[in-house]
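> can you look at this prediction? I've put the sequence above it.
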Amino acid sequence: MYIKKILLFVVLIGLVIASIFSYYIYNTFFSPNTAFEENTVFIYVPSDHSYATVRSQLKNLLKDPESFDIVAQKKGYTSNVKPGRYQLQKGMNNNAITNTLRSNNLPLKISFNNQETLAKLAGRVSEQIEADSISLLKAMLDVDFLEKNGFNEENALGMYIPNTYEFYWNSSAETFRDKMHTEYNQFWNKNRLAKAEALKMTPKQVMSLAAIVQKETARVDERPRVAGVYVNRLRVGMLLQADPTVIFAVKKLSGDYDTVIKRVLYKDLETDSPYNTYKYAGVPPGPIAMPDISSIDAVLNFEKHEYFYFVANVENPGYHLFAKTLAQHNRNRQQYVQWINKQGVNR
């Protein structure tokens, strides 16, 4: 009888211990363990980093980081850290957090536009994904890639169509570049290729002309008309004589693309550069900036008219006065020259 009581006591003690242990395990895995007040937070796990990097980011986001260590180790996460962008929600438990970090790398939206050079594009993209600007620029200028896909250093900027795209944060520079090439090929569908062919231009030439159109006017509704002027000039063998190309040529020769040039001087027109359309016929060898889709489509769907000249309209800021003859253009231009002189713009 006495032995039975002892055995019963031992069993009860065992059950109590088991209950306590089970409760501890349950709490460790399934009790809420977040310390942040926001509904959601993101953590970014760089490539080739260890659990220590994750742990340092979680330190101030969790009530009990040590309990997370236990769960992460039990589930094999500490030795199998995966790079990426992960979203944690307020009130998550250690089990859910670990599962999220193991398998729920979330993509993000990145965007870019109005970049004048590949270097600036690389800088803009590096602000949004893990790849740094140096690796991005190196991938963009990779000679083998460019030759394989029919590009060169001068026209490579035209491969990147300004828009919003979905990427994983930990995408490599090569992954970004390759996807942009795929997007470029998709953008140049049969319809756009047919319109380029009707213009007797390649897609790369269209991109170069579109960049000029974009620099000439910020008014999207005016871009087809400006494009029509340049198409008219090309068709009769005139020089494009586009001031933005001269500005780009001056910047390119100096190496300083941040220089602000508001007024083209006569000496600038003598700049010896294939980008100077006052000296060299046809479109430049590459885009002078990154044209957006509205500018590209403005060239492909240019307005048909008889204008050959245009100048800024001082009475309607942002728009231009168009002329069919040089005499009419000179009258319009005189109005602009008088206005800009009054503004005191010398450069």
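Right, received. Where do you want to start? Residues are numbered from 1 along each chain as shown.
> mind giving me the domain split of the protein?
12-103, 107-187, 190-343 (automatic domain parsing).
> next, the distance between the ends of the second one.
Which is domain 107-187. Domain 107-187 has an end-to-end distance of 22 Å (criterion: C-alpha to C-alpha, to the nearest Å).
> show the average pLDDT along it.
Taken as a whole, domain 107-187 has an average pLDDT of 97.
> returning to what we had before: so can I have JSON lines of the domains of the chain showing mean neighbour count?
Quick note: C-beta positions are derived from backbone N, CA and C, even for glycine. As requested, the domains of the chain are arranged in JSON lines below (neighbours: other C-beta atoms under 10 Å):
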{"stretch": "domain 12-103", "mean neighbour count": "15"}
{"stretch": "domain 107-187", "mean neighbour count": "17"}
{"stretch": "domain 190-343", "mean neighbour count": "17"}
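> looking at those, which one has the lowest mean pLDDT?
Across the domains of the chain, domain 12-103 gives the lowest mean pLDDT, at a mean of 87.
> which SS class is I110?
strand (DSSP: H, G, I helix; E, B strand; the rest coil).
> my guess is it meets I129, correct?
Yes - in this structure, I110 is within contact of I129 by C-beta atoms under 8 Å, at 6.4 Å.
> mutual contacts of these two, please.
Common contacts of I110 and I129, defined by C-beta atoms under 8 Å, 6 or more residues apart in numbering, comprise F167.
> for the stretch 201-347 of the chain, which segments are assigned as helices?
Assigned by DSSP state H, counting those that start in this stretch, the stretch 201-347 of the chain shows helices spanning 203-216, 223-236, 243-254, 293-300, 326-343.
> among the ones you listed, which comes closest to A35?
Among the helices of the stretch 201-347 of the chain, helix 293-300 comes nearest to A35, with 44.5 Å by C-beta to C-beta.
> what bridges to the spatially most central residue of the chain?
Centroid-nearest residue in the chain: F112, 3.1 Å away (criterion: C-alpha atoms, centre = their mean). Beta bridges link F112 to N163, judged by DSSP bridges.
> could you verify my assumption that S295 touches T217?
No - counting by C-beta under 8 Å, S295 stays clear of T217, with 9.1 Å between them.
> overlap in contacts, these two.
R223.
> all strands of the protein, in order?
Ranges of strands in the chain, per DSSP state E, are 40-45, 84-89, 107-112, 163-168, 309-312, 320-323.
> elements contacting the second one?
Same thing as strand 84-89. If you count contacts as 3 or more C-beta pairs under 8 Å, 6 or more residues apart in numbering; DSSP states H and E, strand 84-89 packs onto strand 40-45, helix 94-103.
> closest one to N330 among those?
strand 40-45 (58.3 Å).
> start and end of stretch 309-328, how far apart?
Using C-alpha to C-alpha, the end-to-end distance of stretch 309-328 comes to 9 Å.
> for the residue nearest to M180 when sequence neighbours are not counted, phi and psi?
Spatial nearest neighbour of M180, excluding adjacent residues (C-beta to C-beta, 6 or more residues apart in numbering): Y160 at 5.2 Å. Per-residue torsions, Y160: phi -100, psi 100 (degrees, to the nearest 10).
> Y160: what's it in contact with?
F112, Q115, L121, M180, Y184, M290.
> which two of those have the greatest separation?
With C-beta to C-beta as the measure, no two of these lie farther apart than Q115 and Y184, at 15.1 Å.
> right, and L157 touches A119 too?
No - the pair L157 / A119 is not scored as a contact, 9.9 Å apart, by C-beta under 8 Å.
> now do the shared contacts for the two.
Common neighbours of L157 and A119 (C-beta under 8 Å, 6+ apart) do not exist.
> what sits up against stretch 278-286?
Residues contacting stretch 278-286 (C-beta under 8 Å, 6+ apart): 152, 154-158, 201, 204-205, 208-209, 212, 234, 237, 239-241, 245-246, 248, 269-275, 277.
> and that stretch, how far apart are its ends?
16 Å.
> can you give me the helices for the stretch 1-150 of the chain?
Along the stretch 1-150 of the chain, counting by DSSP H, counting those that start in this stretch, helices occupy 2-30, 51-58, 65-74, 94-103, 118-126, 133-140, 143-148.
> the fifth one packs against which elements?
Translated: helix 118-126. Identification of packing neighbours for helix 118-126 by 3+ C-beta pairs under 8 Å, 6+ apart yields strand 107-112, helix 133-140.
> can the ones you listed go into TSV with extra columns for distance to F30?
What follows is those, written out as TSV (distance: least, C-beta to C-beta, whole Å):
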stretch	distance to F30
strand 107-112	29
helix 133-140	41
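> quick check: H329 touching Y309?
Yes - the pair H329 and Y309 passes the contact test of C-beta under 8 Å, sitting 3.5 Å apart.
> who touches both of these two?
Jointly contacting H329 and Y309 under the rule C-beta under 8 Å, 6+ apart are A323.
> look up how far A72 lies from E66.
Using C-beta to C-beta, to the nearest Å, we find E66 at a distance of 11 Å from A72.
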